[in-house]
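>>> one predicted model, sequence on top.
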Amino acid sequence: MNLLVTGAAGFIGSRYVRMLLDSDAPDAPRITVLDKLTYAGTLDNLELGHERLEFVQGDICDAALVDKLMADADQVVHLAAESHVDRSIEGAADFVRTNVLGTQTLLDGALRHGVRTFVHVSTDEVYGSIASGSWPETHPLSPNSPYSASKASSDLLALAYHRTHGLDVRVTRCSNNYGPHQFPEKVIPLFVTNLLDGRKVPLYGEGLNVRDWLHVEDHCLGIDLVRTKGRPGEVYNIGGGTELSNKELTALLLEACGATWDMVEHVEDRKGHDLRYSVDWSKARDELGYHPRHDFATGLARTVAWYRDNRAWWEPLKRRVAEERA
Ligand SMILES: NC(=O)c1ccc[n+]([C@@H]2O[C@H](COP(=O)([O-])OP(=O)(O)OC[C@H]3O[C@@H](n4cnc5c(N)ncnc54)[C@H](O)[C@@H]3O)[C@@H](O)[C@H]2O)c1
């Protein structure tokens, strides 16, 4: 079985591919990774020499390349995206191009070549913001940032290819991920790497925004359950991590890095900052047997240790971002 995974030089996709390559199951797939290697993707995230892995550098908007790869693909797991909300506020063009047009290019290719299953990795951010309670999959989408709006567009487009053309599309909507190999612009690796360098961390507003933090390996388990056991045309929320305000998260990160509150700089809140996300993931639990395995305290401690031990991975990435900003 040939599996095409897009965006797997990034954080979640690379963890997902490593999980599949580590499996010695007789039906473990051969994997082709398609990744453009934007600022967020690095080959250091992939086991390039593995006999079941092929890497292709390219753009998901390149219809000719996508067509060629789809001809050999039995299944697709689509993770490639522009993924950082702050960047989408600075400029939305790359988000619309990659997240919307890129997804449409992949769906067209999958349809043309009769791909068996297409898993579209969406996000809980498509629902908007919720003060209390949790969203079921049937809740209307109400995204607020250019990032989440572009993800909602691609999510709906993917479902439309199922309803219109009968393509076996399955959509996942997951909460915030943490773990090793996350690009050091996202809040956990940004704060940890700043603190390891003795630098201050920027906390948005009063730090009251609440997120559900899920270990990346639990997200990857959920994605694979959807690929192997999910139903065509269905959406599955993936969550069940630990709900924390940004202030509570900051306190834990300060403690883990042996720092105090004087290392926190309060900065102007993000424009249109969603207050709280929370998905109801009972459908994935009841239908697929999904259950998160990682306990947050242990997962966070291991993640901080990973950044402490892997400066060679993140220092060049941070340098590149600093040069880009300059
Ligand atoms: N990080 C989270 O907490 C989270 C939560 C829920 C859903 N998601 C979704 O999961 C997916 C992966 O997220 P991530 O955090 O690993 O992102 P990431 O930014 O770490 O990785 C994205 C990858 O996509 C590649 N890419 C970008 N544009 C491309 C293009 N035009 N063609 C080919 N490749 C391209 C990049 O090079 C990079 O390797 C995204 O679709 C994101 O919306 C993320």
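Looks like it came in fine.

>>> going forward, measure contacts and count neighbours with C-alpha atoms only.
Will do.

>>> buried ones in stretch 102-116?
For stretch 102-116, the neighbour count (16 or more other CA atoms under 10 Å) marks 102-111, 113-115 as buried.

>>> distance between it and the chain's centre?
21 Å (CA atoms, centre = their mean, to the nearest Å).

>>> of all the buried residues of stretch 102-116, which comes closest to residue 28?
Of all the buried residues of stretch 102-116, residue 115 has the smallest distance to residue 28: 17.5 Å, by CA to CA.

>>> pipe the buried residues of stretch 102-116 into CSV and attach secondary structure and distance to residue 70 per row.
Formatted as CSV, these follow (DSSP: H, G, I helix; E, B strand; the rest coil; distance: CA to CA, whole Å):
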residue, secondary structure, distance to residue 70
102, helix, 14
103, helix, 13
104, helix, 13
105, helix, 11
106, helix, 8
107, helix, 10
108, helix, 10
109, helix, 6
110, helix, 6
111, helix, 9
113, coil, 6
114, coil, 9
115, coil, 7
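
>>> among those residues, which two are most distant?
102 and 114 (18.3 Å).

>>> mind checking the longest helix of this protein?
Longest helix of the chain, by residue count under DSSP state H: helix 146-165.

>>> in that helix, what counts as buried?
Within helix 146-165, judged by 16+ other CA under 10 Å, the buried ones are 146-155, 157-159, 161-162.

>>> sorry, back to before: could the buried residues of stretch 102-116 be laid out in a markdown table, adding pLDDT?
Output for the buried residues of stretch 102-116, formatted as a markdown table (pLDDT from 0 to 100):
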| residue | pLDDT |
| --- | --- |
| 102 | 98 |
| 103 | 98 |
| 104 | 98 |
| 105 | 98 |
| 106 | 98 |
| 107 | 98 |
| 108 | 98 |
| 109 | 98 |
| 110 | 98 |
| 111 | 98 |
| 113 | 98 |
| 114 | 98 |
| 115 | 98 |
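
>>> now, which of those lie close to the ligand?
Among those, no residue sits close to the ligand (CA under 6 Å from any ligand atom).

>>> let's have those in TSV, adding distance to residue 314.
Formatted as TSV, the buried residues of stretch 102-116 follow (distance: CA to CA, whole Å):
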residue	distance to residue 314
102	28
103	29
104	32
105	32
106	30
107	33
108	36
109	35
110	35
111	38
113	39
114	40
115	36
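
>>> wait, which of those is closest to residue 134?
residue 103 (27.3 Å).

>>> quick one, what contacts that closest one?
Each residue near residue 103 by CA atoms under 8 Å, 6 or more residues apart in numbering is listed here: 60-61, 154, 158.

>>> cool, and residue 32?
2-5, 53-56.

>>> if we go to 10 Å?
2-6, 8, 17, 52-56, 69, 72-73, 76 (CA atoms under 10 Å, 6 or more residues apart in numbering).

>>> buried only: go through those for me.
2-6, 8, 17, 53, 55, 69, 73, 76.

>>> now, the most widely separated pair of those?
By the measure CA to CA, 17 and 69 form the most distant pair in those, at 17.1 Å.

>>> between the contacts of residue 103, which sits nearest residue 253?
Nearest to residue 253 among the contacts of residue 103: residue 154, at 33.6 Å, using CA to CA.

>>> and for the closest one, nearest residue in space, chain neighbours not counted?
Take residue 154 and drop its neighbours on the chain: the residue closest to it by CA to CA, 6 or more residues apart in numbering is residue 100, 5.0 Å away.

>>> wait, a helix at residue 203?
No: assessed with DSSP: H, G, I helix; E, B strand; the rest coil, residue 203 is strand; it does not lie in a helix.

>>> residue numbers of this structure in contact with the ligand?
Checking the chain against the ligand by CA under 6 Å from any ligand atom, the hits are 7-13, 35-38, 40-41, 58-61, 79-83, 98, 121-123, 174-177, 183.

>>> could you measure residue 200 against residue 94, distance?
Distance of residue 200 to residue 94, computed by CA to CA, to the nearest Å: 30 Å.

>>> try residue 23
35 Å.

>>> next one: residue 2
Distance from residue 2 to residue 94, by CA to CA: 29 Å.

>>> repeat for residue 62
With CA to CA as the criterion, residue 62 and residue 94 are 14 Å apart.

>>> quick one, which of those two is more surrounded?
residue 94 (16 against 13; other CA atoms under 10 Å).
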